[in-house]
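Student: A predicted structure for the sequence below; I have some questions about it.
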Amino acid sequence: MAPSYELSLLFRALEKKDVVSVLSRLAKNITTNGGVVMDVVDSGVATLPYRMRAHTEWTTSGRHTVLKFHCNPATLASTVATLPRDTAVIRHNVVRLRDVRSPGNQYFDQCKSLRGKAVIDIEPMLAPLEGRVAGQ
């Protein structure tokens, strides 16, 4: 079973459709290499705690999105390598989550049954999650 990761993304204050296109590319890369996207949480557009510079532009507001997925380390490396070149992304951070094989983990059976499935559709996942706080 592949390790679990959480990718935290800070986008420019873009329209939802632009964010969906970036997330779709990431999800396609993950799933075509045998990974599984488990959850997407979009916290919406908010003012940043301080102004940030990315791709020669300063910005004071952004959209925070979290992508939870399972994939092998090589897929993670290729996925994260594309993020610094994407002009929509201000910052990104990857955290490895606890082992999905841990007793009582609700995602273990789900992940086992979803391995190798087609790319998920990100847009329906974002619609009901707009403004939802991670972990709820």
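Tutor: On my side now, so go ahead.
Student: what comes up buried for stretch 18-37?
Tutor: Using 16 or more other Cβ atoms under 10 Å as the burial criterion, the residues of stretch 18-37 that qualify are 19-20, 22-23, 26-31, 35-37. (Glycine included, C-beta is placed from N, CA and C.)
Student: repeat for stretch 84-99
Tutor: Across stretch 84-99, burial judged by 16+ other Cβ under 10 Å covers 86, 88-90, 92, 97.
Student: pick the one among these closest to Leu10.
Tutor: Distance to Leu10 across these (Cβ to Cβ) is lowest for Ile90, with 4.5 Å.
Student: ok, the closest one - contacts?
Tutor: The contact partners of Ile90, by Cβ atoms under 8 Å, 6 or more residues apart in numbering, come to 10-12, 52, 54, 59, 62.
Student: is it in a helix, a strand, or coil?
Tutor: Three-state assignment for Ile90 (DSSP: H, G, I helix; E, B strand; the rest coil): strand.
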